[in-house]
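> one predicted model, sequence on top.
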Amino acid sequence: MAVVAQLSPSSYTETTRLSSSQLSLSSTHLSSLRRRAFRPIIGPRNPTISCSVNQVQAPVAVEQDDPKSKTNDCYGVFCLTYDLKAEEETKSWKKMVNIAVSGAAGMIANHLLFKLAAGEVLGPDQPIALKLLGSERSLQALEGVAMELEDSLFPLLREVKIGINPYELFEDAEWALLIGAKPRGPGMERAGLLDINGQIFAEQGKALNAVASRNVKVIVVGNPCNTNALICLKNAPSIPAKNFHALTRLDENRAKCQLALKAGVFYDKVSNMTIWGNHSTTQVPDFLNARINGLPVKEIIKDHKWLEEGFTETIQKVRLRGGLLIKKWGRSSAASTAVSIVDAMKSLVTPTPEGDWFSSGVYTNGNPYGIAEDIVFSMPCRSKGDGDYELVKDVIFDDYLRKRIAKTEQELLAEKKCVAHLTGEGIAFCDLPEDTMLPGEM
């Protein structure tokens, strides 16, 4: 008699494929549709059943004698397979791109995943596979996310896989969007958050190093994102350090919005906006190099005191833009963060407009600005649209800008010392000068 076994969380993954062609359900699948629930069954690796046009793992029940056995328990159209190779022969689909997302059951991902599946980032002819990483606590919510993606009928979404093991979910990933991180609890110091989240990103870096594409592009969103990105890249020595980004695009977008409002123009008239440094209250929104209608901001906005104080503090300070949003909305800026992730990805796969640039937290080795090396620091970047970037050289500095860049640089150097035990650089020593948390870290 077959035994239905409970699946251990460490081995749980669920693979799904969506179809745009006429496919039929087997009796096993119809039974699964009636159940509409996950009941993982331990099965051997080899047995297969014919499911539409492809071969998939059969959910054959056996005695639980191998806890590492992988399982699939299909339900709904997730059971249906799609012969992408055959479709490529009849349509001009590009090769499928694997996108891994951590924290995939969270609010940011809830906005982001549907933008990815709709083709808003990689284009209307680019099939994708989503590999969604969660935790034991969020696994049921991940199933709900997968069901919503199923019901949305995205023709570009060819595969969805959910689970809690980064070594499985990051396999062959060409993009890794690392959103999941622990928020700071009551009484927790920034140093404590650096250690707790740093361990998460050290493990994820090791997983990327082991199984991801060698040219995977990594965008770290979980805070403190600059130092988490540094930890991640240090634990992934086989992946170019240049491929790691810390998300500062939301800060750039907020800065453009404030300059546009002050100048009385639409935001698309604001260009060359740089966020320098750390994603914290020491970050430096650069109004010296920014432009409005192609002219220097300081020529358009004559209130220079507002630029140095009101504008800068609105972007930097917890009590202002981000904090005010939380106060009014009752939650952090999940939707606008998701949009900024989309913007950050598009900046790497779309050629930067002539003369413009974008902000991203990137590895400082070889930078032309004299900023300390071996940290992740937000700087102005340009891309040819090939996923790579180069640092902008034609920027200007004054004493005001240099002084503030030096402050955020010192903070990142101090954070680096806090996580030395996670980057392979010795014993950690943490002496952060002040609390510079941003909304979303709380």
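Sure, I can see it.

> once you drop chain neighbours, what's closest to Cys257?
Spatial nearest neighbour of Cys257, chain neighbours left out: Tyr267 (5.7 Å); criterion: Cβ to Cβ, 6 or more residues apart in numbering. For every residue, glycine as well, the C-beta is placed using N, CA and C.

> surely that neighbour and Ala260 touch.
Yes - look at Tyr267 against Ala260 with Cβ atoms under 8 Å: they come within range, at 4.2 Å.

> counting neighbours, go ahead and name the busier of those two.
Counted by other Cβ atoms under 10 Å, Tyr267 and Ala260 do not tie: Ala260 has more neighbours, with 16 against 13.

> look up how far Ser347 lies from that one.
Counting by Cβ to Cβ, to the nearest Å, the separation of Ala260 from Ser347 is 19 Å.

> got it, and Tyr267?
Taken as Cβ to Cβ, the span from Tyr267 to Ser347 is 16 Å.

> how about Phe266?
20 Å.

> okay, those two: which has more neighbours?
Ser347 (23 against 8).

> show me what contacts that one?
Residues counted as contacts of Ser347 (Cβ atoms under 8 Å, 6 or more residues apart in numbering) are 249, 358, 360, 381, 383.

> the last one - nearest residue in space that isn't next to it in sequence?
For Ser383, ignoring the flanking residues on the chain, the nearest one in space by Cβ to Cβ, 6+ apart is Tyr389 at 4.5 Å.

> for the fourth one, same thing?
If the residues on either side of it in the chain are set aside, Cys381 comes closest to Tyr389, at 4.2 Å by Cβ to Cβ, 6+ apart.

> where's the one you found relative to Gly424, distance?
26 Å.

> again, but for Thr337
30 Å.

> neighbour-wise, which of these two wins?
Thr337 (22 against 11).

> isn't Ser280 up against Glu411?
Yes - using Cβ under 8 Å, Ser280 is in contact with Glu411, at 6.6 Å.

> can you report how many residues lie near Gly222?
Using other Cβ under 10 Å, Gly222 is surrounded by 26 other residues.

> again with Tyr389
Quick note: Tyr389 (other Cβ under 10 Å) scores 22 neighbours.

> what does Phe244 give?
29.

> what residues are up against the residue nearest to it when sequence neighbours are not counted?
Of all residues not flanking Phe244 in the chain, Leu233 sits nearest, at 4.2 Å (Cβ to Cβ, 6+ apart). Applying Cβ under 8 Å, 6+ apart, we find Leu233 in contact with 205, 218, 239, 241, 243-244, 363, 376.
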